[in-house]
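[1] Sequence and predicted structure are below.
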Amino acid sequence: MGKIIISDNVSLDGVIQDPAGDEGFRLGGWAGRPAAREQTAQVLLDEALGTRALLFGRRSYEFFAARWPSRTGALADRLNNLPKYVVSSTLQDPGWNNSTILKGDAVNEISKLKQQLDGDIVVYASFQLARTLIEHDLVDELRLMIYPVALGAGERLFGETSDKKPMRLTGNRTVDDGLVFLTYERARDAWVPSGFCTAGRCGAGAGRAPWTA
């Protein structure tokens, strides 16, 4: 069974929009070029080498597809050759190598994809798709590269959800100059406080929620 992983560059206040400054956002460029940071570039390559497939929303797919096929190097070679899935009802002819369009209901299509594939299915950017996946409890892991800047505006990774989504920190490390790479897994077995109900579960007693450790 596959594992859905959201992997993103994120500002201190949760913005993921235009980190490289290629999209015309007035505050874009806040992350610079990851390739210019040796440790950050290695994190990206290690992740790609361990990935089974990539998953995108249409806009993010088109953004990546317009840039990576012409690039060279170990990371470009890996991304260009990985299987890629794009959720879209309008995209007709994906031009990027090894791409498949998922045209049906996104939740159903991605649920089936998780059943069909073994290994990590990584979602880059695609904040609208990421929010849908989080809301429908399809995300198994978050990998966030936190940049030491607050923007005050821009699209954020997290939107409103119908319920709490407990996460458990499983990894943290400092990368290059002041960046922090955090890994969280979805805490589906999270402790529920007494008298509190969520997702059909009601807490029965004392204890401490594992995600607050």
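    Arrived safely, thanks for sending.
[2] where do the helices sit along this protein?
    38-49, 58-65, 74-81, 106-116, 127-135 (DSSP state H).
[3] Give the rounded mean pLDDT of the second one.
    Per-residue confidence for helix 58-65 averages out to 95 on the pLDDT scale.
[4] now what about it, what contacts it?
    22-23, 56, 79, 84, 86-88, 90-91, 94-96, 99, 124-126, 129 (C-beta atoms under 8 Å, 6 or more residues apart in numbering). The C-beta positions use only the backbone N, C-alpha and C, and glycine is treated the same way.
[5] Now list the buried members of the residues you listed.
    56, 79, 84, 86-88, 91, 94, 96, 99, 124-126, 129 (16 or more other C-beta atoms under 10 Å).
[6] In strands only, show me the residues you listed.
    Phe56, Lys84, Val86, Val87, Ser99, Tyr124 (DSSP state E).
[7] Look up which residues are beta-bridged to the third one.
    So the one you mean is Val86. Phe56, Ile101 (DSSP bridges).
[8] how close does it sit to Ser126?
    Val86 sits 9 Å away from Ser126, taking C-beta to C-beta, to the nearest Å as the criterion.
[9] Now for those two: what residues contact both?
    Between them, Val86 and Ser126 have Leu55, Phe56, Gly57, Tyr61 as joint contacts when contacts are counted by C-beta under 8 Å, 6+ apart.
[10] Most neighbours among those residues, which one?
    When neighbours are counted by other C-beta atoms under 10 Å, Leu55 leads the shared contacts of Val86 and Ser126 with 29 neighbours.
[11] residues in contact with that residue?
    Leu55 makes contacts with Ile4, Lys84, Tyr85, Val86, Val87, Ile110, Leu113, Ile121, Val122, Val123, Ser126, Leu129, as judged by C-beta under 8 Å, 6+ apart.
[12] what does Ala48 give?
    Leu75, Arg78, Leu79, Leu82, Val122.
[13] now do 6 Å
    The contact partners of Ala48, taken as C-beta atoms under 6 Å, 6 or more residues apart in numbering, are Leu75, Arg78, Leu79.
[14] where does this structure dip in pLDDT?
    35, 190-213 (pLDDT under 70).
[15] redo that, cut-off 90
    For the chain, applying pLDDT under 90 flags the ranges 20, 22-23, 32-37, 92-93, 95, 104, 176-178, 188-213.
[16] about what we covered before: include distance to Leu138 when you put the ones in strands among the buried ones among the contacts of helix 58-65 into JSON lines, please.
    Below are those laid out as JSON lines (distance: C-beta to C-beta, whole Å):
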{"residue": "Phe56", "distance to Leu138": "15"}
{"residue": "Lys84", "distance to Leu138": "18"}
{"residue": "Val86", "distance to Leu138": "16"}
{"residue": "Val87", "distance to Leu138": "12"}
{"residue": "Ser99", "distance to Leu138": "20"}
{"residue": "Tyr124", "distance to Leu138": "16"}
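[17] Buried residues in stretch 138-154, which are they?
    Leu138, Val139, Asp140, Glu141, Leu142, Arg143, Leu144, Met145, Ile146, Tyr147, Leu151, Gly154.
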